[in-house]
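S.K.: Return atomic coordinates for the entry below.
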Amino acid sequence: MLDGDVLWRPEFARPEDNFRNFFETWLRLSKNISQSGRPVVLFIAGAIPENVEPCVERRYFSQVHYLALACDDEVLAERLRRRPPWRESSDERYIAEQLRFNRWLTERGSRASPPIELLETSGESVAKSVEKVAGWIREKIL
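M.R.: Numbers count the residues shown, from 1 in each chain. So this is what the prediction gives:
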């Protein structure tokens with residue numbers, strides 16, 4: 001399991017090309033890990049099929065599965081406000097953007113190609129959400 005944030009650099013911040021170099025880099029790394037016979041699970045906040053599917057490196061994977069954790073707007077806003085200050089996630093503009101994306105996921109994610117599966121976490125503890133994500137991963141890998 002890999003966390004997308006570990007490779008993030010300011011030069012990847014190019015929304016005009018759907019962060020193409022960032023995703024190409026992650027797919028290249030994932031391809032090399034996969035070639036050693038290990039399955040790869042990549043956690044990247046905000047990754048959607050339009051970021052990954054057009055990538056050249058995508059051709060090395062027979063399947064890519066997408067899972068999004070979603071919750072009610074009020075729950076998401078409160079979770080963002082409770083993060084440590086260094087995360088800079090309590091700004092109201094930032095929260096509004098995250099709420100917009102959360103709504104997009106819940107309303108249209110299932111119609112993406114390939115579809116984005118949703119895991120509703122509003123009433124779930126972190127431990128229960130982790131358990132559900134682990135189950136989803138096992139289901140996809142086996």
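
S.K.: the domain parsing of this protein - what is it?
M.R.: Domain assignment for the chain by automatic domain parsing gives 1-64, 67-142.

S.K.: Just after the helix or strand where Leu105 lies, pick out the following helix or strand.
M.R.: Element membership for Leu105 (DSSP states H and E) is helix 92-108. Per DSSP H and E, the first helix or strand lying C-terminal to helix 92-108 is strand 116-120.

S.K.: residues of that following strand that come out buried?
M.R.: 116, 118 (16 or more other Cβ atoms under 10 Å). C-beta here means a position set from N, CA and C on the backbone, and glycine is covered the same way.

S.K.: And for stretch 77-96?
M.R.: In stretch 77-96, counting by 16+ other Cβ under 10 Å, buried: 77, 80, 95.

S.K.: Could you report the pLDDT at the residue in the chain sticking out farthest from the centre?
M.R.: Going by Cα atoms, centre = their mean, the residue of the chain most distant from its centre is Ser36, 23.8 Å out. For Ser36, the pLDDT comes out at 92.

S.K.: One more: Ile141?
M.R.: 86.

S.K.: Against Cys71, how distant is it?
M.R.: Distance check for Ile141 against Cys71: by Cβ to Cβ, to the nearest Å, it reads 25 Å.
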